[in-house]
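Student: What follows is a predicted protein model with its sequence.
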Amino acid sequence: MFLQYLPVRVSALCMILLLLAGCSPFIQPARVASVTPTYRDLIALPAPKGKIKVAVYNFRDQTGQYKPLPNVSSFSTAVTQGSTAVLNQTLKDSGWFIPVEREGLQNLLTERKIIRAALEKQGQDLAQTLPPLDMANVIIEGGVIGYDTNIVTGGLGGKYFGVGGATECRKDRITVCLRAVDVRSGRILKSVTTTKTVLSREVSAGVFRFISYKRLLEAETGLTTNEPVHLAVTGAIEKAVVGLVVEGILDGIWALEDPGEMQTPVIQDYLAEAEDANRFLTAREDPLGDEG
């Protein structure tokens with residue numbers, strides 16, 4: 001260790017400077033929001049025979065979970081409250097749906113009243129100048145229904161002659177439920193449930209040893225990385241939209257522009273994943289098989 005060849009005061013000063021440099025504040029410019037790996041599957045969906053007009057009134061957080069200590073005093077929620085905006089964007093980016101504004105419907109109606117009053121004052125024809133709002137064929141309902149913390153925790157560490165390090169990991173899980181409702185009949189056309197894990201990891205290292213007689217060197221450093229919960233919710237919603245499209249095609253609710261595109265990788269990958277999930281569920285329900 002190179003610190004053994006330096007004076008004690010210089011060694012301690014070097015360690016302090018290194019620690020301060022690692023935690024020094026920095027400013028980064030704003031960037032375009034990151035996309036999730038699931039977004040590639042979303043935009044790779046084949047073209048539909050016809051786009052469906054959908055309405056999302058409220059896709060809310062139904063978990064009731066708050067952030068753990070020490071943030072519990074601020075009553076900050078563990079899950080983003082902007083899931084409706086994420087779902088609308090996901091539906092639009094899929095290329096299968098045309099979202100119509102419903103979350104801010106009151107603001108839209110108020111603005112249309114202002115326009116109508118101005119047109120009436122000018123004596124213009126309202127029917128030609130201000131067309132009616134688009135009607136939705138399907139309502140998308142559901143929400144974030146689960147946020148399970150610490151479903152997997154673990155770590156590893158070691159020290160040798162006062163020098164060592166450790167790593168710890170934690171896994172949480174988010175569950176999203178998405179269902180399509182027929183506006184005319186109120187019948188639930190399809191319901192899809194997806195999950196996404198949220199990974200957190202902490203790496204730490206330290207030294208505790210005597211460099212010389214009555215000269216003790218002690219230093220610690222560490223780094224914690226947490227997967228953004230917002231991106232995890234976005235990924236789960238994107239996966240649910242992909243599942244809604246694929247399973248709707250299988251049930252004949254909507255159709256592909258080219259039926260031969262059922263063999264595209266994004267659809268086949270989803271079908272294989274769904275088959276594995278069903279096989280796992282069957283194995284849990286009957287662990288002994290036919291012999292049981």
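Tutor: It's in. Being a predicted model, the structure only gives us computed values, none of them experimental.
Student: going forward, measure contacts and count neighbours with C-alpha atoms only.
Tutor: Will do.
Student: Just the residues contacting whatever helix or strand Gly146 lives in, thanks.
Tutor: For Gly146, the host element (DSSP states H and E) is strand 138-160. Strand 138-160 is contacted by residues 52-63, 65, 79, 83, 164-183, 233 when judged by C-alpha atoms under 8 Å, 6 or more residues apart in numbering.
Student: Now the buried members of the residues you listed.
Tutor: 52-61, 63, 65, 79, 83, 165, 167, 169-183, 233 (16 or more other C-alpha atoms under 10 Å).
Student: Mind checking which of those are in strands?
Tutor: Members of those lying in strands (criterion: DSSP state E): 52-55, 60-61, 165, 167, 169-182.
Student: show me where the protein has strands.
Tutor: Under the criterion DSSP E, the chain carries strands at the ranges 52-55, 60-61, 97-100, 138-160, 163-182, 188-212, 215-226.
Student: Highest mean neighbour count out of the ones you listed?
Tutor: strand 52-55 (a mean of 21; mean count of other C-alpha atoms under 10 Å).
Student: Looking at it now, give me its mean pLDDT.
Tutor: Averaged over strand 52-55, pLDDT sits at 96.
Student: for stretch 262-279, same thing?
Tutor: Here stretch 262-279 scores 88 as its mean pLDDT.
Student: which residues sit against it?
Tutor: Against stretch 262-279 from outside (C-alpha under 8 Å, 6+ apart): Asp41, Ala44, Leu45, Pro46, Gly243, Val246.
Student: switch to 6 Å and redo it
Tutor: Counting contacts by C-alpha atoms under 6 Å, 6 or more residues apart in numbering, the residues outside stretch 262-279 that touch it are Asp41.
Student: buried residues in it?
Tutor: Residues of stretch 262-279 classed as buried: Met262, Val266, Ile267, Tyr270 (neighbour count, 16+ other C-alpha under 10 Å).
Student: With stretch 234-254 instead?
Tutor: By neighbour count on 16+ other C-alpha under 10 Å, the buried set for stretch 234-254 is 234-249, 254.
Student: OK, contacts around Ile52?
Tutor: Phe97, Ile98.
Student: please redo it, this time with the cut-off set to 8 Å
Tutor: By C-alpha under 8 Å, 6+ apart, the residues touching Ile52 are Trp96, Phe97, Ile98, Ala136, Asn137, Val138.
Student: Likewise for Gly162?
Tutor: Counted by C-alpha under 8 Å, 6+ apart, Gly162 has contacts Val207, Phe208, Arg209.
Student: so where's the stretch 51-200 of the chain uncertain?
Tutor: Filtered on pLDDT under 70, the stretch 51-200 of the chain yields the residue ranges 69-74, 126-128.
Student: Could you report the distance from the residue in the chain sticking out farthest from the centre to Leu250?
Tutor: Ranked by distance from the centre of the chain (C-alpha atoms, centre = their mean), the top residue is Tyr213, with 54.4 Å. Distance of Tyr213 to Leu250, computed by C-alpha to C-alpha, to the nearest Å: 77 Å.
Student: Likewise for Ser191?
Tutor: Using C-alpha to C-alpha, which is the criterion applied here, Ser191 is 13 Å from Leu250.
Student: do you know which of the strands of the chain lies nearest Thr36?
Tutor: The closest of the strands of the chain to Thr36 is strand 188-212. By C-alpha to C-alpha, the value is 11.4 Å.
Student: That closest one - contacts with which helices or strands?
Tutor: strand 163-182, strand 215-226, helix 229-250 (3 or more C-alpha pairs under 8 Å, 6 or more residues apart in numbering; DSSP states H and E).
Student: could you give the angle of that strand to strand 163-182?
Tutor: 170 degrees (axes from the mean of the first three to the mean of the last three C-alpha atoms, to 10 degrees).
Student: any idea how far strand 188-212 is from the chain center?
Tutor: 15 Å (C-alpha atoms, centre = their mean, to the nearest Å).
Student: partners of it, with directions?
Tutor: strand 163-182 (antiparallel), strand 215-226 (antiparallel) (DSSP bridges).
Student: Out of the ones you listed, which is closest to Val203?
Tutor: Checking those against Val203 by C-alpha to C-alpha gives strand 163-182 as the closest, at 4.4 Å.
Student: got the CA positions of that closest one in CSV?
Tutor: C-alpha atoms of strand 163-182 as CSV (Å, rounded to 0.1, in the frame of the first residue of the first chain):
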residue,chain,number,x,y,z
VAL,A,163,-8.5,-3.4,4.9
GLY,A,164,-11.7,-4.6,3.3
GLY,A,165,-15.0,-3.9,1.6
ALA,A,166,-18.6,-5.0,1.4
THR,A,167,-21.5,-4.9,-0.9
GLU,A,168,-25.2,-5.1,-0.2
CYS,A,169,-28.2,-5.5,-2.5
ARG,A,170,-32.0,-5.1,-2.2
LYS,A,171,-34.8,-6.0,-4.6
ASP,A,172,-38.3,-4.4,-4.5
ARG,A,173,-41.1,-5.2,-6.9
ILE,A,174,-43.8,-3.1,-8.6
THR,A,175,-47.0,-4.6,-9.9
VAL,A,176,-49.2,-2.9,-12.5
CYS,A,177,-52.7,-3.9,-13.7
LEU,A,178,-54.2,-2.7,-16.9
ARG,A,179,-57.6,-3.4,-18.3
ALA,A,180,-59.5,-2.3,-21.4
VAL,A,181,-63.3,-1.6,-21.1
ASP,A,182,-65.8,-1.4,-23.9
